[in-house]
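Chemist: Sharing a model prediction with you, sequence too.
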Amino acid sequence: MTQLTGQPTTDDDVVHLTVPADGGYLGVLRTATAGLAARLQFALDEIEDLRIAVDEACAMLLAIATRDAELECCFAVTEDALTVEVTVPVVPGATLPSESSFAWKVLTALTTAAAAQSADGRATISLLTRRSGY
């Protein structure tokens, strides 16, 4: 979980959630995102931006997920930032939207950094948001 922050985290600073890869469960991830961001004392606008970014990242992954897949979400909390990594198994040959797509423009506008990778039949989108003032 040091990919975007460059800061190591301890196990106490990492929250793992796994939900069915179904849009009906995204509210759980949005709520967890808001709760953790509030714990870091993010401003209300920052919390809402991060919730929207997590929702968008999950929507991109759900579009290429295998049937009956599970969406794994890992939240890493550091002193001034929240990193969210969402991973899902994908159908063979599936690709994430390009970084020039509207979806990626949304992610990069709403977060400090966004990255994606695909390997071994799984796709991961990582989002980093730093608290304002840092």
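Modeler: Looks like it came in fine. Residues are numbered from 1 along each chain as shown.

Chemist: residues touching residue 18, list them.
Modeler: 70, 71, 72, 73 (C-beta atoms under 8 Å, 6 or more residues apart in numbering). For the C-beta atoms, the positions are set from N, CA and C on the backbone; glycine is no exception.

Chemist: got CSV for those residues, with pLDDT too?
Modeler: CSV is the format used below for the contacts of residue 18 (pLDDT from 0 to 100):
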residue, pLDDT
70, 97
71, 97
72, 97
73, 97
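
Chemist: Restricted to strands, list those residues.
Modeler: Among these, the ones falling in strands (DSSP state E) are 70, 71, 72, 73.

Chemist: Hmm, residue 25 and the last one touching each other?
Modeler: No - judged on C-beta atoms under 8 Å, residue 73 makes no contact with residue 25 at a distance of 10.2 Å.

Chemist: shared neighbours, those two?
Modeler: The contact sets of residue 73 and residue 25 overlap at residue 19 (C-beta under 8 Å, 6+ apart).

Chemist: Same drill for the two, tell me which one is more crowded.
Modeler: Neighbour count, other C-beta atoms under 10 Å: between residue 73 and residue 25, residue 73 has more, with 22 against 16.

Chemist: The more buried one bridge partners, please.
Modeler: Beta-bridge pairing for residue 73 (DSSP bridges): residue 17, residue 86.

Chemist: Check the gap between it and residue 98 for me.
Modeler: 23 Å (C-beta to C-beta, to the nearest Å).
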